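In: Give me coordinates for this.
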Amino acid sequence: MKKMADQIKRFIFPFLIILFTVFFLSSCGEIPKTDDFTVSKLVDLKMTNYKPTEFEFSNVPDFLNKDSVEGNMITIVYSGKNNHYAKLVSAHTTKSKGVYYVWRAFAKENNALFKSSFTSIPFVMGTFKHQEKDIYVESWFKEKWFFYIESDSSEELETIRIQLIEFFENPDVINESVIDL
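Out: Below you'll find the model as predicted:
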């Protein structure tokens, strides 16, 4: 009987660790649910108290210097009331390993590479939050999507993240660039 109790203890501890890890990582971050969502749709993201000031489109292979990865990236810089600052970077690749490499590059850039190793399942999903001086960062990747948000306040960072997720849930946004025509 004691032998069986020892076997159960050895099974339960790893099971609980795996369960905790899956639970933690499943809350990584939201991604667009529709298949037709592209990074270019983020041009239409309107955030409360912010105005977009810079747009930059790029290719993931150029960013990573890896021709084996295909995908697109967008970087949007916002200026807000009271001199607030925000930055949003998103990437979508054809294979999940591409967004993993992008995510690791941003983790390295933000001195969070070591910490991010414990908050990811390589090539599947991951997340990290980081603060350095007056810059707050949150980043996640899941499936074939990568997101990075940077702000000068933790409250604004959370507000931006919520508005981004709401934007994913309502993909039928009028493209305002067409209205200007």
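In: Show me which residues of stretch 127-135 are buried.
Out: 127-130 (16 or more other Cβ atoms under 10 Å). (Each C-beta comes from the backbone N, C-alpha and C, glycine too.)
In: now swap in stretch 90-104 and tell me
Out: 90-93, 96-104.
In: And for stretch 108-122?
Out: So for stretch 108-122, counting by 16+ other Cβ under 10 Å, buried means 110, 112, 116, 119-120.
In: Sitting in helices, which of those residues do you find?
Out: S116 (DSSP state H).
In: okay, and for this protein, where does confidence drop off?
Out: Residue ranges of the chain with pLDDT under 70: 1-5, 7-9, 13-29, 171-181.
In: Could you provide the buried residues of stretch 127-135 in TSV, with additional columns for distance to V60 and secondary structure?
Out: Below are those laid out as TSV (distance: Cβ to Cβ, whole Å; DSSP: H, G, I helix; E, B strand; the rest coil):
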residue	distance to V60	secondary structure
T127	19	strand
F128	19	strand
K129	23	strand
H130	22	strand
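In: Tabulate the residues you listed in TSV, adding columns for distance to L164.
Out: Shown next, in TSV, are those (distance: Cβ to Cβ, whole Å):
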residue	distance to L164
T127	14
F128	16
K129	15
H130	18
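In: Got the phi and psi for the closest residue to V124 other than its chain neighbours?
Out: Closest residue to V124 apart from its sequence neighbours, by Cβ to Cβ, 6 or more residues apart in numbering: S96 at 6.8 Å. Per-residue torsions, S96: phi -70, psi -20 (degrees, to the nearest 10).
In: show me what contacts S96?
Out: S96 makes contact with 123-124, 141, 143-144, according to Cβ atoms under 8 Å, 6 or more residues apart in numbering.
In: for those residues, which one is nearest E169?
Out: Proximity of those to E169 (Cβ to Cβ) peaks at E143, which lies at 16.7 Å.
In: From F37, how far off is that closest one?
Out: To F37, E143 is 12 Å away according to Cβ to Cβ, to the nearest Å.
In: which one of those two has more residues nearby?
Out: Of the pair E143 and F37, F37 is the one with more neighbours under other Cβ atoms under 10 Å, namely 16 against 13.
In: Isn't the more buried one up against F168?
Out: Yes - between F37 and F168 there is a contact under Cβ atoms under 8 Å: 7.3 Å.
In: Check the secondary structure at I160 for me.
Out: Counting by DSSP: H, G, I helix; E, B strand; the rest coil, the backbone at I160 sits in helix.
In: biggest separation within the buried residues of stretch 108-122, which pair?
Out: Longest span within the buried residues of stretch 108-122, Cβ to Cβ: N110 and S120, 14.2 Å.
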